[in-house]
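**Q** this one's sequence-less:
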């Protein structure tokens, strides 16, 4: 009880900076294929939910859903960064070490 008063938080609670650090690490490790799979899974869940609730679906609605589900993954596929280029600091340190 006295530790809670000193530290200002309860024992066993996660620190916000650790959670943010962990999330940042997860997002850095995410691959392009995984992001696209998550997108298609989300689109499929939205379509299934809307059909389950009885939404009227016409041909134009299907065309719009198809476009909205294919265009963002195509953009992600084209724009996802490949190997990261070296920073200015890395380039300068290589030059200094090599000289």
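**A** On my side now, so go ahead. Just so we're clear, the structure is a prediction, and the values are computed from it rather than from any experiment.

**Q** where does this protein dip in pLDDT?
**A** 1-16, 27-28, 83, 95-99 (pLDDT under 70).

**Q** buried stuff in stretch 63-80?
**A** Using 16 or more other C-beta atoms under 10 Å as the test for burial, stretch 63-80 gives 69, 73. Bear in mind the C-beta positions are built from the backbone N, C-alpha and C, glycine included.

**Q** so how far is that stretch from its chain's centroid?
**A** 16 Å (C-alpha atoms, centre = their mean, to the nearest Å).

**Q** how about stretch 32-39?
**A** With C-alpha atoms, centre = their mean as the basis, stretch 32-39 stands 9 Å off its chain's centre.

**Q** need the helices for the chain, in chain order.
**A** Per DSSP state H, the chain carries helices over the ranges 2-7, 16-29, 32-52, 59-79, 88-98.

**Q** report the angle between the fourth one and helix 32-52.
**A** In this case it means helix 59-79. Orientation check (axes from the mean of the first three to the mean of the last three C-alpha atoms, to 10 degrees): helix 59-79 against helix 32-52 gives 170 degrees.

**Q** so what touches helix 59-79?
**A** 32, 35-36, 39-40, 43, 47 (C-beta atoms under 8 Å, 6 or more residues apart in numbering).

**Q** please apply the same query to the second one.
**A** Outside of helix 16-29, no residue comes within contact range by C-beta under 8 Å, 6+ apart.

**Q** buried sites along stretch 34-50?
**A** So for stretch 34-50, counting by 16+ other C-beta under 10 Å, buried means 36, 43, 47.

**Q** with distance to residue 73 added, can I get the residues you listed in TSV?
**A** Output for the buried residues of stretch 34-50, formatted as TSV (distance: C-beta to C-beta, whole Å):
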residue	distance to residue 73
36	4
43	9
47	15
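
**Q** which of those lies closest to residue 94?
**A** Closest approach to residue 94 among the buried residues of stretch 34-50 (C-beta to C-beta): residue 36, at 34.8 Å.
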